[in-house]
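Trainee: below: sequence and its predicted model.
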Amino acid sequence: MQYEVRFCSHCAGALQWLTVAEDSGEVQRLRCASCGWTHWNNPTPVLAAIVEHEGRVLLARNAAWPEKVFGLITGFMEAGESPEDGIAREVLEETGLVVQSHQLIGAYEFLRMNQVIIAYHVEATGQVKLSPELLEYRLVAPEKVQCWPAGTGQALATWLRSRGHEPEFIDFWRREENQQPA
């Protein structure tokens, strides 16, 4: 969920859009007119895992998503952890699986949520036990996985191409545009 920052975290003054001169030229920044503090609104790093379990890709359905919508395992990186440690933690927390290996797929924009997705392919072992935020999962053969045209769907497409599979894109969001996975 995004929120709008309205007040300075340093002096509680009202923030305003101000034109400021920077090395790249004049830009609009949300700044405190009282103390000069800037709210940068930088993207949040989000970790995503293409979880390979017993030769198949694990896709999960978030409790907030419609019945037929499944996506990758995702979560926020925590302070003090590396992306690799974070992805292993997220996979364990959300699926009960233990990551045995990981490979960086790439970084992908998710502008709608002001996020940068850092995607990994992970091989994991164990028995799937979903966290309460996930309602169900599917294990899908890589050649049968369908991608979506945003965020983690692009990472999945990159991974499929690296495995010699041309991704098939579906757009199941036309009817529920505000319920996209990352």
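Mentor: Yep, it's here.
Trainee: how about the closest residue to A157 other than its chain neighbours, phi and psi?
Mentor: In space, and not counting its chain neighbours, A157 is closest to P167: 4.0 Å by CB to CB, 6 or more residues apart in numbering. No exception for glycine: its C-beta is placed from N, CA and C like everyone else's. The phi/psi pair for P167 (degrees, to the nearest 10) reads phi -70, psi 140.
Trainee: likewise A141?
Mentor: Dihedral angles (degrees, to the nearest 10) for A141: phi -60, psi 140.
Trainee: can you pull the contacts of it?
Mentor: Residues near A141 by CB atoms under 8 Å, 6 or more residues apart in numbering: G55, R56, V57.
Trainee: now P43
Mentor: So P43 contacts E109, N114, Q115, V116 (CB under 8 Å, 6+ apart).
Trainee: lowest pLDDT pick from those residues?
Mentor: Least confident of the contacts of P43 in the model: N114, at 90.
Trainee: so it is in contact with V46, correct?
Mentor: No. Here N114 lies out of contact with V46, judged by CB atoms under 8 Å, at a distance of 10.2 Å.
Trainee: with neighbour numbers in mind, choose between the two.
Mentor: V46 (22 against 12; other CB atoms under 10 Å).
Trainee: did I read that right, the more buried one in a strand?
Mentor: Yes. Counting by DSSP: H, G, I helix; E, B strand; the rest coil, V46 falls inside a strand.
Trainee: who's it bridged to?
Mentor: Bridge pairing for V46 (DSSP bridges) gives the partners F76, I117.
Trainee: state the distance from it to E84.
Mentor: From V46 over to E84 the distance is 15 Å, taken as CB to CB, to the nearest Å.
Trainee: give me the low-pLDDT residue ranges for the chain?
Mentor: Along the chain, the model assigns pLDDT under 70 to residues 1-3, 172-182.
Trainee: residue farthest from the centroid of it?
Mentor: Computed with CA atoms, centre = their mean, the maximum C-alpha offset from the centroid of the chain is found at S34, amounting to 35.3 Å.
Trainee: with adjacent residues omitted, what lies nearest to it?
Mentor: G13 (3.6 Å).
Trainee: what count of nearby residues applies to that neighbour?
Mentor: If you count neighbours by other CB under 10 Å, G13 ends up with 15.
Trainee: again with A49
Mentor: A49 has 28 nearby residues by other CB under 10 Å.
Trainee: quick one: secondary structure of it?
Mentor: strand.
Trainee: the nearest residue to it once chain neighbours are set aside: what's it in contact with?
Mentor: Among residues not flanking A49 along the chain, I73 sits closest, at 4.4 Å (CB to CB, 6+ apart). Taking CB under 8 Å, 6+ apart, we find I73 in contact with A48, A49, V51, L58, A60, E90, V91, E94, T95.
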